[in-house]
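A.B. asks: make a model of this:
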Amino acid sequence: MKQNKSPLKWRHFEPTIILLCVRWYCRYQLSYRDLEEMMRARGLSVDRTTVFRRVQKYAPEINKRMRQHLKMSGTSCRTDETYVKVGTEWRYLYRAVDPAGDTIELMPSAGRDVSAAKTVH
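C.D. replies: Next up is the predicted model:
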């Protein structure tokens, strides 16, 4: 009989709190200090180094499990090239677009490099 051992078992915090912190860190560009403050505002005393350790330990596993459920963009896409001014410099901006017109990937470049842009997505 196969045992389904939870990697989150026997941790100080409940698995939902751990997963929430890891998800927020990976999804939104928050710092470990931001997450520490957010948890403190919710009545939990979580140190930023604890959040760091949990992200290092569980983010790869979460990524591996979620990849199979993410919407794939499909097999075909088009690369769009434009020239934009960023600050005081002009740059090439390559954009990979799926058949529905949604942007898949952006790649800014100092020089024109269509072949590199096509390999990004």
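A.B. asks: could you list the domains of this protein?
C.D. replies: 15-67, 78-120 (automatic domain parsing).
A.B. asks: now these as TSV including mean neighbour count and mean pLDDT?
C.D. replies: In short, each C-beta sits where N, CA and C put it, glycine included. What follows is those, written out as TSV (neighbours: other Cβ atoms under 10 Å; pLDDT from 0 to 100):
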stretch	mean neighbour count	mean pLDDT
domain 15-67	14	87
domain 78-120	12	78
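A.B. asks: same for the longest helix anywhere in the chain, what does it pack against?
C.D. replies: Using DSSP state H, we find that the single longest helix of the chain is helix 48-67. With contacts defined as 3 or more Cβ pairs under 8 Å, 6 or more residues apart in numbering; DSSP states H and E, helix 48-67 has these neighbours: helix 15-27, helix 32-41.
A.B. asks: residues contacting it, please?
C.D. replies: With Cβ atoms under 8 Å, 6 or more residues apart in numbering as the test, helix 48-67 has contacts from 7-8, 12, 18-19, 21-23, 25-26, 31-33, 35-36, 39.
A.B. asks: nearest to Glu89, of those?
C.D. replies: Nearest to Glu89 among those, counting by Cβ to Cβ, is Ser31 at 29.0 Å.
A.B. asks: spatially nearest residue to that closest one (excluding sequence neighbours)?
C.D. replies: In this structure, Ser31 finds its nearest non-sequential neighbour in Arg48, 7.9 Å apart by Cβ to Cβ, 6 or more residues apart in numbering.
A.B. asks: distance of the one you found from Tyr83?
C.D. replies: 42 Å (Cβ to Cβ, to the nearest Å).
A.B. asks: ok, now Pro60?
C.D. replies: 38 Å.
A.B. asks: circling back to that earlier point, from the chain's centre, how far out does the longest helix of the chain sit?
C.D. replies: 11 Å (Cα atoms, centre = their mean, to the nearest Å).
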